[in-house]
Structure formats: C-alpha cells, structure tokens
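Novice: prediction below, plus the sequence it came from.
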Amino acid sequence: NCMAHPLLISLTNINIHIHSKTSLHAYLLLALLPIAKFTHKVTCICGLLQEQLVHQALSVVLLPLKTAASMGIMMNDPRGNLCCCFMPLADWIADTPEESLLVGTSIKASPVTMATANEFGNAH
C-alpha cells in the first residue's frame, strides 16, 4: 500500500494572502501518516487499529514540538541573538472525520458534546 496522509506545518504569523497561495510554499511537509491495509475482516476493528496507528505516528512526529512547547528551545532571532522559545501548537485545520479521529470519537458522535447520532434528532 503506497498511500499516506500528508501532515503539513506552517507558522501562524504568515499573512493570510501568502497562506492561501500554494505556490508560495507557506506549508512544509512534516510527515506522511501511514494508511494501513489490514487483513482482518471486521471493519470496526480495522478502524480502531488505523486510529491507534495515526495517534502513535502523530505522537512520534510531534514529540520535538511537544518538548519545545514544554521546556523551550534555543533559537536565533532575526538579529542573531539566542533566545529560549516556547512554541505551542496554535491551530489544527481539520474536517469533521479528522476531528473525530483526533478526539477519539466516532464519526456518528459529536466531537464537542457527548451526543451520539441517535440523540441528534431530526431537523425537520
């Protein structure tokens, strides 16, 4: 299986007009998250295994950023002076299935409340 999800990273202080143009390369490829192909026939088990694989891969890839956010990292400022910088993750752009994957809920459950699909009700 030669498929993967790209994980891109950028800075939050880059102008929105630059972010919106892909030709200006405001995003860098941080990692390719694996998409596994399982031989097990039960789809819910395959889904859980895929989610665990993504969580583990994200944990490994983001470990240096987690360390920099908690303990700081020495970096040069524009004048060349060394500064101890703390870089928290400021934003994560995701659609609803990715949000569900990140928070560990099912697609048929709300990522922000405890409601499930049976409790959503009918809008009409």
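Specialist: Received the coordinates, thanks.
Novice: could you report the neighbour count for residue 54?
Specialist: Neighbourhood size, residue 54 [other CB atoms under 10 Å]: 19. For glycine as for every other residue, the C-beta is placed from the backbone atoms N, C-alpha and C.
Novice: any idea which element it lies in?
Specialist: With elements delineated by DSSP states H and E, residue 54 resides in helix 43-71, which encompasses its position.
Novice: and for residue 80?
Specialist: With DSSP H and E as the criterion, residue 80 is inside neither a helix nor a strand.
Novice: bridging residues for residue 84?
Specialist: With DSSP bridges as the criterion, the beta-bridge partners of residue 84 are residue 74.
Novice: and it, how many residues sit next to it?
Specialist: Each residue near residue 84 was counted by other CB under 10 Å, and the total is 10.
Novice: residue 74 is in contact with that one, correct?
Specialist: Yes. With contacts counted by CB atoms under 8 Å, residue 84 reaches residue 74, the gap being 5.9 Å.
Novice: how long is stretch 35-45 from one end to the other?
Specialist: Using CA to CA, to the nearest Å, the span of stretch 35-45 from its first residue to its last is 15 Å.
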